[in-house]
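Engineer: my questions are about this predicted structure, shown below with the sequence.
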Amino acid sequence: MSLRIVVCVKYVPDATGDRHFAEDLTVDRDDVDGLLSELDEYAVEQALQISEEADDAEITVLTVGPEDAKDALRKALSMGADKAVHVEDDDLHGTDVVGTSLVLAKAIEKTGYDLVVCGMASTDGTMGVLPALLAERLGVPQVTLLSEVSVEDGTVKGRRDGDTASELLEASLPAVVSVTDQSGEARYPSFKGIMAAKKKPVTSWDLEDLEIDADVVGLEGAWTAVDGATERPARTAGTIVKDEGEGGKQLAAFLAERKFI
């Protein structure tokens, strides 16, 4: 029986762009370029490695987002994933991580799965709680923040590295795992992979397809809210220390005055 792997990915604003909030205090995604979250590339890579070790496996990449989020799916498909699912609905605007976990869980159940792979966090929200929420909604074990992961005989195994020790963890499938940026560099899509991705199927679903009431998602259904935001102050000119024999003392005095030393 084929091992069904679902990788959750997110289309995020480019961190090098001019990111800011829209009038409703959600992230303005129209005025900045987006891309596949870098931390999700590690999840795609680990799914590909698991697939390559399995006798028979199929990888589905899944995202929730606007039309442009298909770009994130195409990137994952060009890396080697087999097919994609895109959940798009105007009523999803402003959905927080709790609502997103519901939408993803419904889509995962509709797709069918044995293993769900996530990145350690998104590069825009950086909450890192989605894998745990998904596991709870799906009613399956979670094995999170793994630096190493493998699947064998219906069991997912992994290593979680902490500050003072490493843990060896395992869980029976089906399960949800998340991998860190220490799990291995993600591969670059080849020209062949980019061309092949254009022919791979991308299924589109909305809230009605997933039998989700619009009232439990979006800004109105969010469990969290942004009350206010101010723009980051413009960068000011720094202090220049001219070294004319006393540079070290001046630098030490500067740091001490600001209580850095």
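Structural biologist: Alright, I've got the coordinates. Quick caveat: nothing in here was measured; it's all calculated off a predicted structure. Numbering: from 1, shown residues only.

Engineer: can you tell me how far L173 is from A54?
Structural biologist: Counting by C-beta to C-beta, to the nearest Å, the gap between L173 and A54 amounts to 12 Å. C-betas here are computed from N, CA, C, even on glycine.

Engineer: name the residues contacting each of these two.
Structural biologist: Residues touching both L173 and A54 (C-beta atoms under 8 Å, 6 or more residues apart in numbering) are V151.

Engineer: can you pull the buried residues of stretch 203-222?
Structural biologist: Going by neighbour count (16 or more other C-beta atoms under 10 Å), the buried part of stretch 203-222 is 205, 207, 210, 212, 216-219, 221-222.

Engineer: show me the contact partners of it.
Structural biologist: Taking C-beta under 8 Å, 6+ apart as the criterion, the residues outside stretch 203-222 that touch it are 24, 26, 83-89, 91-96, 98-99, 102-103, 106-107, 110, 225.

Engineer: now do the same end-to-end measure for that stretch.
Structural biologist: Between the opening and closing residues of stretch 203-222 lies a distance of 26 Å (C-alpha to C-alpha, to the nearest Å).

Engineer: now do stretch 236-251, average pLDDT.
Structural biologist: Rounded to a whole number, the mean pLDDT of stretch 236-251 is 81.

Engineer: chain center to it: distance?
Structural biologist: Average the C-alpha atoms of stretch 236-251, do the same for its chain, and the two points are 42 Å apart (C-alpha atoms, centre = their mean, to the nearest Å).

Engineer: returning to that earlier point: among the contacts of stretch 203-222, name the ones in helices.
Structural biologist: 98-99, 102-103, 106-107, 110 (DSSP state H).

Engineer: which among the residues you listed end up buried?
Structural biologist: Judged by neighbour count, with buriedness set by 16+ other C-beta under 10 Å, the buried members of those are 98-99, 102-103, 106-107.

Engineer: nearest to S2, of these?
Structural biologist: A107 (18.8 Å; C-beta to C-beta).

Engineer: so the closest one makes contact with L62?
Structural biologist: Yes. In terms of C-beta atoms under 8 Å, A107 counts as a neighbour of L62; the distance is 5.7 Å.

Engineer: quick one, strands of the stretch 101-250 of the chain?
Structural biologist: The residue ranges that make up the strands of the stretch 101-250 of the chain, judged by DSSP state E, counting those that start in this stretch, are 115-119, 142-146, 148-152, 155-161, 166-172, 175-179, 202-205.
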